[in-house]
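**Q** Please find the sequence and the predicted model below.
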Amino acid sequence: MYILDPLKIMQKMIEENYTLYVSGEITEKEYLCRIKPIDEEIDNIEMSTLQDTLALKGSSLLLSHKQES
């Protein structure tokens, strides 16, 4: 079974909208309106995958030690 990567799907959606914008089929305003929710969802997915990384855990540990001081 083939599972599609949501990030790749959203990247393709942005690329398709960019092609429409460059070709003049949609305006810059329409392009930005269309890609904003896609871009926000990509950010959400990326941030959720980073929540369990050591870099963020380390940063939050440093922050908690500073707050205790």
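**A** Arrived safely.
**Q** pLDDT weak spots in this structure?
**A** Segments of the chain classed as low confidence (criterion: pLDDT under 70) are 1-3, 52-69.
**Q** Look through it and tell me its longest helix.
**A** Secondary structure of the chain per DSSP state H: the longest helix is helix 28-50.
**Q** Which elements pack onto that one?
**A** helix 6-22 (3 or more Cβ pairs under 8 Å, 6 or more residues apart in numbering; DSSP states H and E). All C-beta atoms are positioned from the backbone trio N, CA, C, and that covers glycine.
**Q** Could you list every helix and strand that the helix it packs on packs against?
**A** Helix 6-22 packs on helix 28-50, going by 3+ Cβ pairs under 8 Å, 6+ apart.
**Q** okay, the angle between the helix it packs on and helix 6-22?
**A** 170 degrees (axes from the mean of the first three to the mean of the last three Cα atoms, to 10 degrees).
**Q** Spell out which residues sit in contact with I14, please.
**A** Applying Cβ atoms under 8 Å, 6 or more residues apart in numbering, we find I14 in contact with I35, I38, D39.
**Q** one more time with 10 Å, if that's ok
**A** Taking Cβ atoms under 10 Å, 6 or more residues apart in numbering, we find I14 in contact with Y31, R34, I35, I38, D39, I42.
**Q** Put the buried members of these into a ChimeraX selection.
**A** Selection of buried members from these for ChimeraX, criterion 16 or more other Cβ atoms under 10 Å:
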select :31,34,35,38,42
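**Q** Closest to V22 out of the contacts of I14?
**A** Y31 (9.0 Å; Cβ to Cβ).
**Q** In space, what's closest to that closest one - neighbours in sequence excluded?
**A** Y21 (3.9 Å; Cβ to Cβ, 6 or more residues apart in numbering).
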